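**Student:** Prediction below, plus the sequence it came from.
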Amino acid sequence: MADAPVLVFGATGGQGSAVTEALLGRGARVRALVRDPERAAARRLADGGVEVVAGSLDDRGSLAAAMAGAGATFALTTPFEAGVDAEVAQGRAILAAAGESRVPHLVFSSVAGADQGSGVPHFDSKARIETELAAGDVPYTILGPTYFFENALGGADRIRGGVLDLPLPADRPLQQLARADLGAFAAQVLLDPAPYVGRRIELASDAPTPAQMAAALSAALGREVRRERVPLAEIGNADMHAMWAFLNGPGYQVDIAALHAAYPEVGWTSFADWAHHTFGSVTSAPARGSSSAV
């Protein structure tokens, strides 16, 4: 199915748009699954030569229809709209649709640390999906992104005002990933699946401390950004509280040096380079979306 399109879920969102951009950059045909093809972001994809189809993670029939004839599928789930049980249901719908459509290769974007028994609800829900995926008969690769650089954009106004808020000690490294690097890696897996089938690969671009992040943002903005530690007790959302407790504890365990040595073609982005690209012009909007999915 060399000429078959690659189906990308959430192609107007943070991860999906990065994967779509990387695939297009490599000359691949892309089919984008979106909720509403008439939205401006979806229409821009269509104008750029992407085949846009309507579908929902809650609708197995629409997923199977979108997967029909696709050479590979990049899939993801989300707990941030209806909770972790709904996320598991999304995963099961994806797996059922992939089996029904005989998808040649399913690339599932999970999360780093999902296999560590973290106790983080949205890690554990993805772990359940991973288990069911591995037990099935659909050829698969699991990608485990760490914390995205782009999550900082949720506090962009605070950063531009001179403060970086993080619930971590100043000297605690936080493994993170640029969405563009996820897109590049996923495109590689989708277009050349043989070396990756049946594998689970966790991804990180860099591991700066909050102090290093603040210094990089200061350099990008040309004025001081100080880091402030947010007390864990002030994080009211139970899922986010559990995640930050995990990141203050065992945290992600990606062997970044080995990962980058094995896949140098990705071009792995440093936090400092990302900060310069994103915040280097105070008057310009951030280069990428501000969705805070982790």
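**Tutor:** Arrived safely.

**Student:** pLDDT averaged over stretch 63-79 - what is it?
**Tutor:** Regarding stretch 63-79, the rounded mean pLDDT is 95.

**Student:** Enumerate the positions of it that are buried.
**Tutor:** 63-67, 70-79 (16 or more other Cβ atoms under 10 Å). For glycine as for every other residue, the C-beta is placed from the backbone atoms N, C-alpha and C.

**Student:** all helices for the stretch 1-150 of the chain, in order.
**Tutor:** 14-25, 40-47, 60-67, 84-101, 121-135 (DSSP state H, counting those that start in this stretch).

**Student:** what's in contact with the first one?
**Tutor:** Contact partners of helix 14-25, identified using Cβ atoms under 8 Å, 6 or more residues apart in numbering, comprise 6, 8-11, 30, 32, 45, 48-50, 74, 76, 109, 145, 148, 150, 179-180, 182-184, 186-187, 190-191, 288-289, 291, 293.

**Student:** Now with 6 Å, please.
**Tutor:** 6, 8-11, 30, 74, 76, 109, 179-180, 182-184, 186-187, 289, 291 (Cβ atoms under 6 Å, 6 or more residues apart in numbering).

**Student:** Could you find the closest non-adjacent residue to the most far-flung residue of the chain relative to its centre?
**Tutor:** No residue in the chain sits farther from the centre than Arg223, which is 29.9 Å out by Cα atoms, centre = their mean. Nearest non-adjacent residue to Arg223, counting by Cβ to Cβ, 6 or more residues apart in numbering: Gly162, 6.8 Å away.

**Student:** Go ahead and confirm Leu57 touches Arg92.
**Tutor:** No: applying Cβ atoms under 6 Å as the test, Leu57 and Arg92 come out as separate, 10.4 Å apart.

**Student:** From Gly113, how far off is the closest residue to Tyr252 other than its chain neighbours?
**Tutor:** In this structure, Tyr252 finds its nearest non-sequential neighbour in Gln175, 4.2 Å apart by Cβ to Cβ, 6+ apart. Per Cβ to Cβ, to the nearest Å, Gln175 is found 9 Å from Gly113.

**Student:** Among those two, which residue is more densely surrounded?
**Tutor:** Between Gln175 and Gly113, counting by other Cβ atoms under 10 Å, Gly113 is the more crowded of the two (25 against 22).

**Student:** Now do the same contact list for Val111.
**Tutor:** Here Val111 is in contact with 123, 126, 144 (Cβ under 6 Å, 6+ apart).

**Student:** Can you give me the buried ones in stretch 192-206?
**Tutor:** 193, 196, 200-206.

**Student:** I meant to write stretch 115-125 there.
**Tutor:** Buried, per 16+ other Cβ under 10 Å, within stretch 115-125: 115, 118, 120-125.

**Student:** can you check stretch 33-47 too?
**Tutor:** 33-34, 42, 45.

**Student:** Distance from it to the middle of the chain?
**Tutor:** 20 Å (Cα atoms, centre = their mean, to the nearest Å).
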